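Student: pasting the structure only:
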């Protein structure tokens, strides 16, 4: 989901402080119009997620190699860490490799070749003139792997990147070994409606004084694209999408779904998704399905990604399963 961001913050405030900030904004702005209040709270919703990974970017990662892969008239930035069986990491919206994965990469790269990608407009990857679509983004990931001469890999995606990961498995089944989806969905209905409502009316300049821009300025190849990037992402976030029930059902690769119990995903749709993937059965009678579901307690969209050790343990066990 494209409202999610975890970036290196120049300031830090935790969940309790964030609640205090929201309360104070509400107290001081209750005379404003509903539209203005909605915009303020939408920004707070985005910013509330940023501090969760503030510690992640304290020590920048040093990849074994990095560069750009040509993709359909544009190019996509990638970084490679470690050796072993390849696993591809697809970040959340507005995020970079470092802001999303800097705690997980050192763990995974001990035994795996980690290929982290920055999708269109994010981090080092330039903004192109192409319309955004999950099909295009998944195609870009495939182009990166072909450029690196990787025939197949495990794919791990968070939020926005999780939807791209689903589409990758649909488009490129032969290139997909296992799929790990963290706090994401394959269709709009998989997000609670508040995720869309809170973004209504947001303009690109609302992000100008946020850590999102600070991170963007650090690494973007053309910082003049800032407002164009935000506008393109906001437009894409408002578009309804559905990768198709049948397409999900026909995914042959084992899939691990990792969610927080209160991460903004609709748990009814999550249960339906797991059923499409062959789960939600009486395993003692019919056997254990190849796909798995993990719901971590007391976790939101942001705090779920903070729990690196749990995610690494769950993902590691799944990847080790034959």
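Tutor: Now that the structure is in, tell me what you want to look at. None of these values were measured; they are calculated from a predicted model.

Student: how far out from the middle of the chain is the helix or strand that contains residue 79?
Tutor: Applying DSSP states H and E as the criterion places residue 79 in strand 74-81. Centroid separation for strand 74-81 versus its chain: 16 Å, with Cα atoms, centre = their mean, to the nearest Å.

Student: And for that strand, what's in contact with it?
Tutor: By Cβ atoms under 8 Å, 6 or more residues apart in numbering, the residues outside strand 74-81 that reach it are 61, 63-69, 97, 105, 108-109, 113-120, 123-126, 128, 130, 140-141, 143-144, 148. All C-beta atoms are positioned from the backbone trio N, CA, C, and that covers glycine.

Student: what's the average pLDDT for stretch 128-139?
Tutor: Averaged across stretch 128-139, pLDDT comes to 96.

Student: give me every residue that touches residue 228.
Tutor: residue 127.

Student: That one: what secondary structure?
Tutor: Following DSSP: H, G, I helix; E, B strand; the rest coil, residue 228 is assigned to helix.

Student: what's the distance between it and residue 316?
Tutor: 39 Å (Cβ to Cβ, to the nearest Å).

Student: same deal with residue 147?
Tutor: 27 Å.

Student: circling back: identify those among the contacts of strand 74-81 that sit within strands.
Tutor: 65, 66, 67, 68, 69, 113, 114, 115, 116, 117, 118 (DSSP state E).

Student: Could you pull out the helices in the chain for me?
Tutor: With helices called from DSSP state H, the chain shows them at 15-28, 34-49, 97-101, 104-108, 134-147, 160-171, 194-197, 211-219, 226-238, 245-249, 267-276, 283-286, 301-306, 308-320.

Student: Would you reformat the ones you listed as JSON lines and include distance to residue 178?
Tutor: JSON lines is the format used below for the helices of the chain (distance: least, Cβ to Cβ, whole Å):
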{"stretch": "helix 15-28", "distance to residue 178": "32"}
{"stretch": "helix 34-49", "distance to residue 178": "27"}
{"stretch": "helix 97-101", "distance to residue 178": "18"}
{"stretch": "helix 104-108", "distance to residue 178": "13"}
{"stretch": "helix 134-147", "distance to residue 178": "15"}
{"stretch": "helix 160-171", "distance to residue 178": "9"}
{"stretch": "helix 194-197", "distance to residue 178": "27"}
{"stretch": "helix 211-219", "distance to residue 178": "30"}
{"stretch": "helix 226-238", "distance to residue 178": "27"}
{"stretch": "helix 245-249", "distance to residue 178": "15"}
{"stretch": "helix 267-276", "distance to residue 178": "15"}
{"stretch": "helix 283-286", "distance to residue 178": "19"}
{"stretch": "helix 301-306", "distance to residue 178": "20"}
{"stretch": "helix 308-320", "distance to residue 178": "6"}
